[in-house]
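In: below are the sequence and a predicted model for it; my questions follow.
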Amino acid sequence: MKCRFYLLDINEGRWDSKPSVQLWGLDQKNRRVVIVATQIAPYFYFLPDEKDDPAPIREKLLSDKSTFPKILSADIETKKLLGRLRTVLRITCSDSEVVSDYAKKTRKAVGRGESFEDDLRLSLRYIIDLMLTPCGWHELDVEIKKFDGVNVDQAYEAKTAPRSVEDEDTPDLRILAFNVLAVAERGSAKAERDPVKAVVAATDSGRMRTFVAESENDSKVLEDFAGFVIEYDPDIVVGFENNKVDWPYLIQRGKARKVRLAVGRDGSDPHTSMFGHVSVTGRANLDLFDVAGGIPEIKVKTIANMARYLQVPSAEKISTIEEADRYNLWIDESGRSKLIQYLRANAQVLLELAQATIQYPMQLGAVTGLPLDQVMAAAVGFRVDCYLVRKAHQIGELIPRRNEQPFYTYRGAIVLEPQTGVHDDIAVLDFSSMYPNLMMKYNLSPDTLVKEDEKVSKESVFVITEVEHRFRKEPAGFYRIVLSELMDQRAIVQKELEEIGAKSTRYRVLKERERAIKIITNACYGYAGWAGARWYVREVAESATALGREAITKTIQKAEWMGLKIIYGDTDSIFVRNEEKKIDQLRKWAMKELGLEIRIAHEYRRVIFTEAMKRYAGLLPDGRLDIVGLEVVRGDWSEIARQVQEQVLVSILRDQSVDKAITNVRETIRRLRNNEVAIADLTIRKTLLKPIEEYRISAPHVEVAKKLLKQGWDLGVGDVVGYVIVKGAGKLFQKARPYNQVKPEDVDVEYYLENQVKPAAMRILERFAVSEKQLEVNFPAGQQPLGVS
DNA sequence: AAGGGCGCACTTTTGA
DNA sequence: TCAAAAGTGCGC
């Protein structure tokens, strides 16, 4: 019988002592299904040295039963290595576990030659071999089977290989959001010591369950929560930092209490898997923290900030309770109910956040080929990697291993010195997808790169000026193939988007697909220059930036020759006077001469530059401010400094009043001096970018982190440390305190005045001949003329 | 178990 | 006292 199913999760295992993969998903009747495929042959490729004949090697491997008892077959095939046809042995094994070991032993037995694709896991192997689409539909012939302990509506055994089919439907997925509460008198709760106090789960069917521990024994909470997951049987499980915090905590508590959290659809426990994420078999466990990570507008990644940014229905109901306050709330009866309310509100918001954002991970999964639960946990490089692995397989390219490579830096893009001051009516022009287009146009690719000593005719190659790298014009290189396909896909999506209404579900799906395609497209340049990439070729990235520099330089020359004054430029953009005719002419020229499309990214009614590159603020036609690079948009400045700078920018750009700006700054200074500014607005946040012990200097956030560690808090790489500067003698790092351990009267007001508020305000005001003295309250307000550009 | 790239501004510490 | 180094987070 036929089965059409939507692929939600995939895992590998053994079935009847054979390697197998399980495909978990939903069918068209919205039944939860699992399909077990056992007709799978794990394999790897062996590429003999060019001097060696593959046939005797084949015989040798097949006959050596003591070393290779699990080799099923060795077939001589033709594959490509960087575009060149090569004869390889495809060595098929009866067990996926031996693949990488056999690859090593083969290299040893033969003495020379290379192995390929022995590093691909069986589930990934299966996905790419059959071109399966995570979060997409598939069809195959199946036979109904009964599998013990598997909790689905229908289980099948695969009779044929599944094939991906076009289907616009998105099945009705059940979502469960959860969060876990554990408290400690001092510092972070530790799973080996502090039991779980409560778990709250909310479902998209409108159910909300609160499991509270009646005593120190949390066995029942764990059992009840697991029971609820199994009962509701969600397809998607979400939380916030659930990969790093909630699941690991529950898993460890489960071990301590000997309670099994058999929440997988096959009855298995949640377990840590690829990219440090937690996998729940048969479901997609998703961490909304990773989703927030992909939204740069959300500066401090918290549930509340994410909810506010996305404006989910319950965003207003959410509050924040500091981890440090939870213990005291818990031991008090009314505090406890407040805490439970907080958890419930969080769970509800998490659910809504999942509903609001789930399409993007789904589309990113479908585009890259990474399963839904892995795709957001994977860094950008690994998403590109997975996409390229699929495409390589498709065109018969051997997939190189990711290995440690020497690392070279190379020259990047051009940034222009800005014309300092205020400018009216400015257009920002940029090249659309500059690097991808240049990579395609000049066929920049690992397989088209001509080696230094190689002789080729001049006409057959592109020579990249300055860096002198050469790339064959024909045939199309790997990156050209991949990028063209991505660009084409995006164009198709964009065309359909234009045709359908903005309110339909389909529109939202396509919008997210477009975003996913764009992200992968734009990441290819960086990927090519990343030493950890499978297709790392410095020359490709180096040539792309060289061509980029050439393109923008030529454009600047042309613009200036046309009489268009350049105010500023960075990488692929130039800021010019908004003169429609000339801009139009420049666009036509760029299309013809450079083969690049120039678009007007946006227009500014006014824009202000300091002397610094990459820092400016512009007034958009609708009255909003576009603030770039300045303290306002930096997360490592106090809120008070950012606010004061934003007010200055608003006064100057929108109201065109320096006086008003000065008045605002004075008011902030007054509030500071009067201790009227909340500690939260004085907190400075910095991320720990490496292990504490590796820091060579004493920085404030590092010292505070050490202090917190001593107090029993868990802190490590990637965590953000919030601190406040207090009065006292010594270096700054000696005066930094954890933000929640500071009393208002201890704040070092002078520091905030001199090192936060004034510098942030003066950065802008000094352009208008305002002196620091004028910011002090006792100085009379004078008439300040607007600075001229 | 998990780095896309380089260019730049800016603050604070370090060490001569 | 001061330049260099360390460190962070941004722009594109």
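Out: Structure received. Residues are numbered from 1 along each chain as shown, chains lettered A, B, ... in the order given.
In: dump stretch A:212-220 to PDB, restricted to CA.
Out: Provided in PDB are the C-alpha atoms of stretch A:212-220 (Å, rounded to 0.1, in the frame of the first residue of the first chain):
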ATOM      1  CA  VAL A 212       4.300  20.800  41.700                       C
ATOM      2  CA  ALA A 213       6.500  18.800  44.100                       C
ATOM      3  CA  GLU A 214       4.800  18.200  47.400                       C
ATOM      4  CA  SER A 215       8.000  17.300  49.100                       C
ATOM      5  CA  GLU A 216      11.800  17.100  48.400                       C
ATOM      6  CA  ASN A 217      11.000  14.000  46.400                       C
ATOM      7  CA  ASP A 218      10.400  15.000  42.800                       C
ATOM      8  CA  SER A 219       9.700  11.600  41.400                       C
ATOM      9  CA  LYS A 220       6.000  12.300  41.000                       C
END
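In: dump the residue contacts of residue A:348.
Out: For residue A:348, the contacting residues are A:177, A:202, A:208, A:314, A:317, by Cβ atoms under 8 Å, 6 or more residues apart in numbering. (C-beta placed from N, C-alpha, C; glycine too.)
In: so which bits of the stretch 351-500 of chain A are right by DNA strand B?
Out: Contact residues, the stretch 351-500 of chain A versus DNA strand B (Cβ under 7 Å from any atom of the strand): A:379-382, A:407, A:409-413, A:415.
In: and those as CSV, adding neighbour count, secondary structure and pLDDT?
Out: CSV is the format used below for these (neighbours: other Cβ atoms under 10 Å; DSSP: H, G, I helix; E, B strand; the rest coil; pLDDT from 0 to 100):
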residue, neighbour count, secondary structure, pLDDT
A:379, 11, coil, 95
A:380, 15, helix, 95
A:381, 16, helix, 96
A:382, 20, helix, 96
A:407, 11, coil, 84
A:409, 8, coil, 93
A:410, 14, coil, 96
A:411, 11, coil, 97
A:412, 15, coil, 97
A:413, 16, coil, 97
A:415, 13, strand, 98
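In: list phi and psi for the residue sitting nearest the centre point of chain A.
Out: Centroid-nearest residue in chain A, with Cα atoms, centre = their mean: residue A:294, separated by 4.7 Å. The phi/psi pair for residue A:294 (degrees, to the nearest 10) reads phi -90, psi 0.
In: need the per-residue pLDDT for it.
Out: The confidence metric pLDDT takes the value 93 at residue A:294.
In: would you tell me which residues of chain A are close to DNA strand C?
Out: Counting by Cβ under 7 Å from any atom of the strand, chain A sits next to DNA strand C at A:296, A:299, A:412-413, A:430, A:570-573, A:614-615, A:628-629, A:633-636, A:685-690, A:694-697, A:699, A:701-702, A:720.
In: which of those residues are buried?
Out: A:413, A:430, A:570-573, A:615, A:633, A:685-686, A:688, A:695, A:699, A:701-702 (16 or more other Cβ atoms under 10 Å).
In: of those residues, which belong to helices?
Out: Judged by DSSP state H, these include A:701-702 as members of helices.
In: which helix or strand contains residue A:356?
Out: helix A:333-357 (DSSP states H and E).
In: same deal with residue A:479?
Out: Under the assignment here (DSSP H and E), residue A:479 is part of helix A:478-499.
In: mind listing what's buried in the helix holding residue A:356?
Out: Residues of helix A:333-357 classed as buried by neighbour count (16+ other Cβ under 10 Å): A:335-336, A:339-340, A:342-357.
In: so which residue of chain A comes closest to DNA strand B?
Out: residue A:526 (2.0 Å; Cβ to the nearest atom of the strand).
In: what sits against that residue?
Out: Residue A:526 touches A:380-381, A:541, counting by Cβ under 8 Å, 6+ apart.
In: how about the residues you listed in JSON lines, adding distance to residue A:331?
Out: Output for the contacts of residue A:526, formatted as JSON lines (distance: Cβ to Cβ, whole Å):
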{"residue": "A:380", "distance to residue A:331": "44"}
{"residue": "A:381", "distance to residue A:331": "46"}
{"residue": "A:541", "distance to residue A:331": "57"}
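In: return the closest of the residues you listed with respect to DNA strand C.
Out: residue A:380 (10.9 Å).
In: show me where the stretch 301-450 of chain A has helices.
Out: Ranges of helices in the stretch 301-450 of chain A, per DSSP state H, counting those that start in this stretch, are A:303-310, A:323-330, A:333-357, A:359-368, A:372-375, A:380-394, A:434-441.
In: can you list these in CSV and add distance to residue A:277?
Out: Shown next, in CSV, are the helices of the stretch 301-450 of chain A (distance: least, Cβ to Cβ, whole Å):
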stretch, distance to residue A:277
helix A:303-310, 18
helix A:323-330, 23
helix A:333-357, 15
helix A:359-368, 12
helix A:372-375, 6
helix A:380-394, 12
helix A:434-441, 29
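In: dump stretch A:556-563 to PDB, restricted to CA.
Out: The C-alpha coordinates for stretch A:556-563 follow below in PDB (Å, rounded to 0.1, in the frame of the first residue of the first chain):
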ATOM      1  CA  ILE A 556      32.300  55.300  -6.800                       C
ATOM      2  CA  GLN A 557      34.500  56.500  -9.700                       C
ATOM      3  CA  LYS A 558      31.500  56.500 -12.100                       C
ATOM      4  CA  ALA A 559      29.200  58.200  -9.600                       C
ATOM      5  CA  GLU A 560      31.700  60.900  -8.900                       C
ATOM      6  CA  TRP A 561      32.300  61.400 -12.600                       C
ATOM      7  CA  MET A 562      28.600  61.800 -13.000                       C
ATOM      8  CA  GLY A 563      28.600  64.400 -10.300                       C
END
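In: contacts for that stretch, please.
Out: A:416, A:566, A:569, A:574, A:576, A:582, A:585-586, A:589-590, A:593.
In: looking at the residues you listed, which are in helices?
Out: A:582, A:585-586, A:589-590, A:593.
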